[in-house]
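Student: Sharing a sequence plus its predicted fold:
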Amino acid sequence: MKKIIYLTLPIFFIIGCSQQSYKTLSVKDYMSKMKAGWIGQMAGVGWGGPTEFRWIDEIIPEDSVPQWNPQMINQFNQDDIYVEMTFLRTLEKYGLDVSIRQAGIDFANSRYMLWHANKAGRDNLRAGIAPPYSGHPQFNHHADDIDYQIEADYAGLISPGLPQSAIDLGEKFGHIMNYGDGVYAGQFIASMYAYAFFENDIEKIIRSALKCIPEKSQYYEAINDVLNWYHQFPDDWTKTWELIEEKYQRNPEYRKFSCSGPQSEFNIDAKINGAYVVVGLLYGHGNMDNTIKIAMRCGMDSDCNPSSAAGILATTLGLENLPEKFTSALDQKTKFSYTDYNFQKLTDVCVQLAEQTVKKYGGKVETKNGEKVFKIPVQHPTPGVFEQCWTADSVKIDPYFTEEEISRITVKVRKPDEFIQLWQVSGPYLAKGKSVNELFDIVFPPEKGKGKWQKIQLGKNGLHKTNVQFHRIFGGKNRVAYAKTRFFSDKELPAILELGSDDGVKVWLNGRLIFKNNITRGCMAAQDMVPLKIQKGWNELLFKVTQGVGDWEMNACLTDTTGKALTKFKFTNN
């Protein structure tokens with residue numbers, strides 16, 4: 001295992017003045033650390049990905065830890081990475097003083113699949129509930145979940161030495177989907193990144209960041225407990241893990257807003273997972289491999305937690321000091337899913353935003369000996385207001401967007417009856433030795449007007465209200481299924497087909513192929529928007545949906561060109 005050797009030469013110094021002290025950091029050194037922070041995230045989530053929530057309430061056995069492959073670094077399709085780039089794009093487009101409501105509109109218009117607090121928050125936004133109320137526990141039963149903790153790295157990486165900026169960004173973006181401990185979790189993580197630009201001592205980073213959240217919060221208590229237990233058992237992280245489990249997994253007093261209930265083994269609460277991040281950082285002793293493996297082996301969200309830990313540690317190290325196995329296969333050209341950023345563009349945007357952040361908080365960007373330098377004020381941060389999900393006051397003011405704001409949300413939450421409900425399904429179809437990608441273009445009987453079909457109606461007989469769930473009807477992997485429906489229109493008109501699928505999909509309208517997307521993804525509404533022309537009289541839509549592994553489903557909604565659902569058609573599955 002490769003040992004990490006810290007540089008002994010400081011990269012900054014303190015400048016004294018009568019009213020304010022400053023630290024300096026060359027832009028070159030900032031870029032090295034910021035890039036390392038992103039690579040650390042990608043390494044942690046890539047390495048831990050195969051283990052995510054496979055070990056719940058137990059330590060992952062050492063022999064079950066995946067082997068690292070340098071290609072694992074290229075996590076372009078990983079939501080733990082690309083979701084926070086939505087926030088970066090908002091800041092890039094509107095500036096650091098962008099309103100929380102505009103940030104919410106941008107998040108509402110995102111097209112990727114989400115879970116837990118992120119999904120609940122975005123569903124609220126699309127239903128017209130504006131932030132911060134979209135993250136308020138009155139409307140969001142996942143408000144203490146891990147979500148903002150996962151995606152807060154950006155806030156620290158554009159705030160070198162500026163923990164107050166990390167806090168303030170959390171107040172804005174964190175409240176889109178979280179509240180209380182759920183927000184403090186992200187502020188804590190982001191503040192560790194901010195301190196990591198000027199401090200190599202991991203425990204000092206943790207203790208400094210802890211001052212950035214309210215001392216009365218349970219999240220503060222969890223991190224403080226881990227620090228104390230680390231000093232009791234400095235050579236055995238499993239002892240600390242057992243104490244975390246006893247208090248933050250099994251004690252209902254610390255699971256008062258657990259989305260799965262206080263007795264469930266499944267626990268995606270920010271507190272316990274934040275504790276695992278800190279276990280990895282403390283017991284990893286500055287070694288990337290050890291930090292990732294320990295944070296991973298704690299279990300639960302065992303890709304997100306090593307991602308946070310590795311990102312923070314990597315920021316302290318800088319790009320030049322990362323083990324080669326984490327950089328040798330890095331693809332700097334491929335774009336991260338659902339973004340316009342490749343690695344180079346991502347880091348360029350971070351530099352731009354960091355310069356703006358330094359200036360906003362009273363610093364300067366100077367040139368010394370031909371080199372750009374950040375002159376950064378020393379901050380004594382003030383935490384946000386103390387709040388708890390289980391004691392939150394009810395919302396007494398209008399929580400909704402204005403009509404003008406709603407008009408800028410292009411993706412809406414559909415009611416179940418706006419989705420096509422009447423279907424015939426046929427399948428499964430497979431070809432020996434063929435992968436899911438190859439099956440996409442193989443012609444099976446339904447494409448020739450043949451095949452055996454069965455009628456289904458969504459929402460009946462235990463079927464899902466909006467999705468045709470092939471995994472329940474047919475099951476299996478590496479195969480194909482078809483679904484079709486017929487509907488009557490009393491006139492010809494242009495329309496939009498809002499389509500979601502898991503995995504790839506082809507669509508025919510009245511026998512003509514109108515859309516295809518060979519992709520691996522989870523299913524959500526309106527992932528694809530397909531313009532089409534409906535003919536007068538009867539029309540037939542035919543869908544082909546491929547299956548790799550896991551869930552296998554699709555949904556469809558017909559709208560007019562303004563996005564209003566067309567629900568007056570006569571549909572039939574005959």
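Tutor: Alright, I've got the coordinates. Numbers count the residues shown, from 1 in each chain.

Student: Could you use CA atoms for every contact and neighbour count after this?
Tutor: Will do.

Student: Which SSE is immediately downstream of the biggest helix by length in the chain?
Tutor: Longest helix in the chain, counting residues (DSSP state H): helix 27-48. In the C-terminal direction, the helix or strand that comes right after helix 27-48 (DSSP states H and E) is helix 79-94.

Student: Which elements pack onto that following helix?
Tutor: Packed against helix 79-94 by the contact rule (3 or more C-alpha pairs under 8 Å, 6 or more residues apart in numbering; DSSP states H and E) you find helix 27-48, helix 100-108, helix 147-151, helix 153-157, helix 343-360.

Student: Need the winner for burial among those.
Tutor: The highest mean neighbour count among those, using mean count of other C-alpha atoms under 10 Å, belongs to helix 153-157: a mean of 30.

Student: Can you mark which positions in the helix or strand just after it are buried?
Tutor: Sequence-wise, the next helix or strand downstream of helix 153-157 (DSSP H and E) is helix 163-173. Applying a neighbour-count criterion of 16 or more other C-alpha atoms under 10 Å, the buried positions in helix 163-173 are Pro163, Gln164, Ser165, Ala166, Ile167, Asp168, Leu169, Gly170, Glu171, Lys172, Phe173.

Student: now helix 163-173 and helix 343-360, what's the angle there?
Tutor: Interaxial angle of helix 163-173 relative to helix 343-360 (axes from the mean of the first three to the mean of the last three C-alpha atoms, to 10 degrees): 110 degrees.

Student: How about residues contacting the helix or strand encompassing Val226?
Tutor: Assigned by DSSP H and E, Val226 belongs to helix 218-232. Taking C-alpha atoms under 8 Å, 6 or more residues apart in numbering as the criterion, the residues outside helix 218-232 that touch it are 181, 184-185, 210, 213-215, 237, 240, 243-244, 248, 254, 270-272, 274-275, 278-279, 282-283.

Student: and the next element down the chain from that helix?
Tutor: Next along the chain after helix 218-232, taking DSSP H and E as the criterion, comes helix 237-244.

Student: what's that following helix packed up against?
Tutor: helix 218-232, helix 270-284.

Student: Would you mind saying which of the ones you listed lies nearest Asn109?
Tutor: In terms of C-alpha to C-alpha, the element of the helices and strands packed on helix 237-244 nearest to Asn109 is helix 270-284, at 25.3 Å.

Student: Val413 touches Ala127, doesn't it?
Tutor: Yes. In terms of C-alpha atoms under 8 Å, Val413 counts as a neighbour of Ala127; the distance is 5.8 Å.

Student: Out of these two, name the residue with the larger neighbour count.
Tutor: Under the criterion of other C-alpha atoms under 10 Å, the comparison of Val413 against Ala127 puts Ala127 first, with 19 against 16.

Student: Next up, the contacts around the more buried one.
Tutor: The contact partners of Ala127, taken as C-alpha under 8 Å, 6+ apart, are Lys412, Val413.

Student: And the closest residue to Tyr179 other than its chain neighbours, what's its pLDDT?
Tutor: Counting by C-alpha to C-alpha, 6 or more residues apart in numbering, Tyr179 lies nearest to Ala143, which is 5.2 Å off, once chain neighbours are set aside. Turning to Ala143, the model gives it a pLDDT of 98.

Student: and Ala143, what helix or strand is that in?
Tutor: Secondary structure from DSSP H and E places Ala143 outside every helix and strand.

Student: What of Ile496?
Tutor: When elements are assigned from DSSP H and E, Ile496 belongs to strand 493-502.

Student: so the helix or strand following that strand versus strand 493-502, what angle?
Tutor: Per DSSP H and E, the first helix or strand lying C-terminal to strand 493-502 is strand 505-509. In terms of direction (the same axes, to 10 degrees), strand 505-509 departs from strand 493-502 by 160 degrees.

Student: Nothing else from me, thank you.
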